[in-house]
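*Asks:* Return a 3D structure for these sequence lines:
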Amino acid sequence: MFGFSQPLDTNFYQRDTVQVAKELLGCKLVHCSPSGITVGIIVETEAYMQIGDPACHASRGMTKRNQVMFGPPGKAYVYFTYGMHYCFNVVTNDEGVGDAVLIRALEPVDGIELMQHRRQRERLWDLCSGPAKLVQAMGITKEHNGSDLTQGPITIYAGHRVKDIVTTTRIGIKEGAELPLRFYIAGNKYISKK
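*Replies:* Model prediction:
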């Protein structure tokens with residue numbers, strides 16, 4: 001499918017969260033929905049770790065909201081924020097450890113018209129250049145929370161290896177804001193912010 005072999009398997013996600021956040025750059029996020037297929041290259045991520053990271057949802061332990069983060073790696077963690085948006089994360093590290101990688105931005109590749117319809121925007125940059133935008137463009141909902149990214153309907157495929165990665169601080173948080181845990185492809189015009 002899509003010129004790729006198989007979706008990334010559990011072994012990819014069951015590793016150090018920072019390493020996974022960097023290696024997700026250049027991979028392709030695919031959603032096969034009843035409305036159609038949408039594909040975007042992951043161009044920006046943020047790592048969130050249970051230990052030593054006060055901005056991580058799991059830093060204070062397991063709750064009903066974050067319990068997916070403590071489950072098996074390779075699952076989707078979709079949460080509601082700011083009273084109006086959803087964000088899409090990938091569960092990483094070993095089961096029982098509350099780590100995840102937030103997907104912050106995509107470069108739209110396929111299903112552009114469907115993304116434009118969902119976003120009610122025409123410009124490519126406006127489709128997936130932020131976590132809430134990409135969730136809307138890709139048709140990801142709270143119903144996908146806990147879904148298996150190795151099986152679908154949302155999957156991630158290996159892409160090109162990215163050599164030039166910018167490491168910087170995360171966006172939109174108060175605690176742990178000084179930690180260098182945001183990563184993006186240098187020079188890519190679809191990131192949310194430099």
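*Asks:* quick one, strands of this protein?
*Replies:* 28-33, 36-48, 76-81, 85-91, 100-110, 154-157, 165-168, 182-185 (DSSP state E).
*Asks:* Strand partners (parallel or antiparallel) of the lowest-mean-pLDDT helix or strand in the chain?
*Replies:* Least confident helix or strand, the chain: strand 76-81 with a mean of 94, by mean pLDDT, DSSP states H and E. Sheet pairing of strand 76-81 (DSSP bridges) gives strand 85-91 (antiparallel).
*Asks:* and for the partner strand, what are the contacting residues?
*Replies:* Contacts with strand 85-91, where a contact means CB atoms under 8 Å, 6 or more residues apart in numbering, come from 13, 20, 24, 48, 68-69, 71-81, 99-103, 131-132, 134-135, 138, 140-142, 144, 149, 156. Glycine gets a C-beta too; all of them are placed from N, C-alpha and C.
*Asks:* From those, list the buried ones, please.
*Replies:* With burial judged by 16 or more other CB atoms under 10 Å, the buried subset of those is 13, 20, 24, 48, 68-69, 72-79, 99-103, 131, 134-135, 138, 140, 144, 149, 156.
*Asks:* With distance to residue 61 as added columns, please give the strands of the chain in a markdown table.
*Replies:* Output for the strands of the chain, formatted as a markdown table (distance: least, CB to CB, whole Å):
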| stretch | distance to residue 61 |
| --- | --- |
| strand 28-33 | 29 |
| strand 36-48 | 14 |
| strand 76-81 | 15 |
| strand 85-91 | 16 |
| strand 100-110 | 15 |
| strand 154-157 | 27 |
| strand 165-168 | 28 |
| strand 182-185 | 24 |
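*Asks:* any low-confidence regions in this structure?
*Replies:* Scanning the chain with the threshold set as pLDDT under 70 gives 1-4.
*Asks:* If we use 50, what do you get?
*Replies:* When residues are selected by pLDDT under 50, those of the chain lie in 1.
*Asks:* so who does whatever residue is furthest in space from the centre of the chain touch?
*Replies:* Distance from the centre of the chain peaks at residue 122, with 22.5 Å (CA atoms, centre = their mean). The contact partners of residue 122, taken as CB under 8 Å, 6+ apart, are residue 116.
*Asks:* and residue 118, which of the strands of the chain is closest to it?
*Replies:* Nearest of these to residue 118, taken as CB to CB: strand 36-48 at 8.4 Å.
*Asks:* now for the closest one, which elements pack on it?
*Replies:* For strand 36-48, the packing partners by 3 or more CB pairs under 8 Å, 6 or more residues apart in numbering; DSSP states H and E come out as helix 17-23, strand 28-33, strand 100-110, helix 112-119, helix 131-138, strand 182-185.
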